[in-house]
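S.K.: what's the 3D shape of this:
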Amino acid sequence: MCFQADLDREAEVTGLFEQAIEHFGQLDVTVANAGIWIAGDLLLHEVTLERWEQTMRTDLTATFLTCREFMRHLADKPRESASIVMVGSTAAMFGEAGHADYAAAKAGMTFGLMRSLKNEIIRLAPRGRVNTVCPGWTDTPMAEAGMGVPGALNRATSTMAMRKIAEPEDVAGAIVYFASDRLSGHVSGEIITVAGGMEGRLLHDPTTSD
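M.R.: You can find the predicted model right below:
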């Protein structure tokens with residue numbers, strides 16, 4: 001079933017969960033995956049307040065609203081286990097020059113929000129878990145603008161041991177792992193980076209490709 005909402009609008013998020021709960025009766029897992037990455041490198045002194053607030057509202061506030069609505073559902077219908085999976089970014093781990101707005105929003109989610117909620121969810125579901133998947137460059141429509149710049153692929157993969165970008169299925173597999181009580185029932189407050197062994201340093205010559 002598909003239900004649609006603008007996730008940076010509080011009333012629409014509430015309505016989305018109401019529809020889903022009415023249909024399914026109970027929700028045990030939520031994945032906070034909505035986000036934007038605004039094309040065009042801007043150093044911080046060039047970033048407008050409008051861009052900063054748009055990124056924060058879409059990437060961080062929407063996650064807050066989604067998780068809050070799910071936690072309210074847990075409070076209304078207590079159960080033994082539940083799972084929240086957030087989708088962050090390697091930008092949260094390493095930063096991203098030219099996109100400080102995106103890196104800050106994803107870091108707020110990955111560290112402050114996730115690590116706080118892992119300690120809150122257990123008050124509502126004793127075996128409740130909260131984890132984060134942090135993808136690197138992934139072959140999605142959102143990445144097309146960045147990857148379309150000449151030389152961008154070589155630069156992006158120059159810090160990865162496995163010199164390629166991820167497929168959506170790579171990220172989906174990590175999300176399923178965290179969502180499943182059977183696979184990761186004793187894992188909470190953890191981060192999986194899906195980025196081919198990315199490091200915060202050069203592993204290959206960025207001017208060449210394999």
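S.K.: correct me, but residue 158 touches residue 201?
M.R.: No: at 9.5 Å, residue 158 does not count as touching residue 201 under the criterion of CB atoms under 8 Å. All C-beta atoms are positioned from the backbone trio N, CA, C, and that covers glycine.
S.K.: of the two, who's got more company?
M.R.: Of the pair residue 158 and residue 201, residue 158 is the one with more neighbours under other CB atoms under 10 Å, namely 18 against 8.
S.K.: How about that one: what's its closest non-neighbour residue?
M.R.: Nearest non-adjacent residue to residue 158, counting by CB to CB, 6 or more residues apart in numbering: residue 206, 3.7 Å away.
S.K.: before we move on, what about residue 35?
M.R.: Excluding its sequence neighbours, the residue lying closest to residue 35 (CB to CB, 6+ apart) is residue 59, at 4.6 Å.
S.K.: show me the contacts for the one you found.
M.R.: The neighbours of residue 59, taking CB atoms under 8 Å, 6 or more residues apart in numbering as the test, are 34-36, 102, 105-106, 109.
S.K.: Show the average pLDDT along the longest strand belonging to the chain.
M.R.: Ranked by residue count under DSSP state E, the longest strand found in the chain is strand 129-135. Summarised as a single mean, pLDDT over strand 129-135 is 97.
S.K.: Pairing partners for that strand, with directions?
M.R.: Note on strand 129-135: by DSSP bridges, its sheet partners are strand 83-87 (parallel), strand 191-194 (parallel).
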